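[1] my questions concern the predicted model and sequence given below.
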Amino acid sequence: MYNKTLYGGISNTFHLTNGWKHFIATYGSYTDFENPFITNYEYRIEKNLGLRTYLSFQREDKPYEIQFGMEANKGWNSIDNYDNLQGVSGDMQASDKLDVFQMNIFSRIQYNLTSKWMIEGSLGWNKNKIHYQTLFPASVMTKGNIDFEDQLMPRLGSSFLLNNFSALRASLSKGYSTPTIAELRASDNLVNKDLQAETGINYEIGYKIKSRNGSKILDIAAYSYRMDNGIVRHINADGADYYGNAGHMKQRGLELSFWSFWNLKNFFLQNTSIPYGYDLQRL
């Protein structure tokens with residue numbers, strides 16, 4: 001595989017008055033991807049532009065924080081597939097264009113009940129839409145839109161500081177994930193218009209502890225995720241990938257993360273992280 005990607009962005013924070021500030025950022029990326037796969041030779045061009053902005057309030061003399069804003073992304077994807085002649089592209093098999101639009105409007109509030117106990121809540125609204133156009137072969141030339149159902153994304157969370165070095169946390173949230181371009185248009189070279197977004201409810205509890213100087217951090221989390229329309233990979237008779245929804249899935253797991261930081265000779269900062277996870281999944 002060959003991949004050339006360029007990222008770029010710019011951001012600015014405006015400090016207004018009485019604890020209010022405004023943040024805005026714009027970003028983009030360009031990817032030139034080439035994959036001599038077993039069943040075909042793929043060329044993929046991906047272009048993306050995004051905008052994120054929010055207004056927030058935070059003051060030391062107030063027990064709460066407020067944030068609300070929006071993020072929007074637009075993507076242009078061009079995918080061409082050819083016969084793979086021992087690592088050289090041959091005759092064209094398929095050609096598609098997929099334009100993606102995503103928007104999220106969000107709000108969040110955090111309230112400190114005491115100096116040790118904090119609760120927070122957030123709510124987001126997600127909109128996702130894809131316009132597709134099949135350019136080749138001529139016998140199946142078509143175009144249309146895939147509209148995913150708009151979703152409200154609530155989340156509730158709380159954390160309690162046991163002491164200066166450790167804390168407990170718990171959260172309840174609704175998950176939502178639309179199919180990726182690679183899942184919607186897999187190596188079978190077909191646009192899967194029937195593929196649905198994943199949704200679910202996630203329950204999580206965790207414990208974090210750090211050393212006295214903050215150079216080492218250990219985080220342990222346990223979660224239970226109940227998913228609807230889980231996306232799973234299949235392989236057809238020709239050996240090509242395609243994806244489908246598996247219905248209801250239950251996933252339970254444990255996650256262990258460790259971070260360590262060293263300051264060598266006061267001028268060089270190095271950090272090491274060791275994440276570990278264990279998942280138990282049932283359809």
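    Perfect, thanks for sending it.

[2] tell me how many other residues crowd Glu149.
    Neighbours of Glu149 under the rule other C-beta atoms under 10 Å: 11. C-beta coordinates here come from the backbone N, C-alpha and C atoms, glycine included.

[3] wait, isn't it in contact with Ala197?
    Yes: at 7.4 Å, Glu149 and Ala197 qualify as touching, with contact defined as C-beta atoms under 8 Å.

[4] so for the residue most central in space within the chain, what's the pLDDT?
    Residue closest to the mean C-alpha point of the chain, counted by C-alpha atoms, centre = their mean, is Ser177 at 7.7 Å. Ser177 is assigned a predicted lDDT (pLDDT) of 93.

[5] would you mind measuring from it to Glu183?
    Distance of Ser177 to Glu183, computed by C-beta to C-beta, to the nearest Å: 10 Å.

[6] same thing with Leu113?
    When Leu113 is compared with Glu183 (using C-beta to C-beta), they lie 42 Å apart.

[7] circling back to that earlier point, which non-adjacent residue is nearest the residue nearest to the centre of the chain?
    Excluding the flanking residues, the one nearest Ser177 by C-beta to C-beta, 6 or more residues apart in numbering is Glu198, at 4.6 Å.

[8] tell me, how many neighbours does that neighbour end up with?
    Neighbour tally, Glu198, other C-beta under 10 Å: 18.

[9] got it, and the one 3 residues further on?
    The tally of other residues near Ile201 (other C-beta under 10 Å) stands at 13.

[10] was I right about it contacting Tyr225?
    Yes: Ile201 lies in contact with Tyr225 (C-beta under 8 Å); the separation is 7.4 Å.

[11] who touches both of those two?
    Shared contacts of Ile201 and Tyr225, defined by C-beta atoms under 8 Å, 6 or more residues apart in numbering, comprise Gly175.

[12] which parts of the protein are helices?
    Using DSSP state H, the helices found in the chain span residues 181-184.

[13] got any ranges where it has weak pLDDT?
    Low-confidence segments of the chain (pLDDT under 70): 263-283.

[14] mind jotting down where the strands sit in the stretch 1-150 of the chain?
    For the stretch 1-150 of the chain, the strands defined by DSSP state E, counting those that start in this stretch occupy 2-15, 20-36, 41-58, 64-84, 89-112, 117-136, 142-161.

[15] in its sheet, what does the fourth one sit against?
    Same thing as strand 64-84. If you go by DSSP bridges, strand 64-84 pairs up with strand 41-58 (antiparallel), strand 89-112 (antiparallel).

[16] tell me the angle of the first one relative to strand 2-15?
    Counting by axes from the mean of the first three to the mean of the last three C-alpha atoms, to 10 degrees, strand 41-58 lies at 10 degrees to strand 2-15.

[17] grab the CA positions of strand 41-58 and hand them over as PDB.
    Provided in PDB are the C-alpha atoms of strand 41-58 (Å, rounded to 0.1, in the frame of the first residue of the first chain):
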ATOM      1  CA  TYR A  41      -5.900  -2.400  -7.700                       C
ATOM      2  CA  GLU A  42      -7.500   0.600  -6.000                       C
ATOM      3  CA  TYR A  43      -6.800   4.300  -6.300                       C
ATOM      4  CA  ARG A  44      -8.400   6.600  -3.700                       C
ATOM      5  CA  ILE A  45      -8.400  10.400  -3.300                       C
ATOM      6  CA  GLU A  46      -9.900  11.800  -0.100                       C
ATOM      7  CA  LYS A  47     -10.300  15.500   0.600                       C
ATOM      8  CA  ASN A  48     -11.800  16.900   3.800                       C
ATOM      9  CA  LEU A  49     -12.600  20.300   5.300                       C
ATOM     10  CA  GLY A  50     -13.900  21.000   8.800                       C
ATOM     11  CA  LEU A  51     -14.900  23.800  11.100                       C
ATOM     12  CA  ARG A  52     -15.300  23.700  14.900                       C
ATOM     13  CA  THR A  53     -16.400  26.500  17.100                       C
ATOM     14  CA  TYR A  54     -17.700  26.900  20.600                       C
ATOM     15  CA  LEU A  55     -18.400  29.400  23.300                       C
ATOM     16  CA  SER A  56     -17.500  28.500  26.900                       C
ATOM     17  CA  PHE A  57     -17.800  30.000  30.400                       C
ATOM     18  CA  GLN A  58     -15.400  29.200  33.300                       C
END
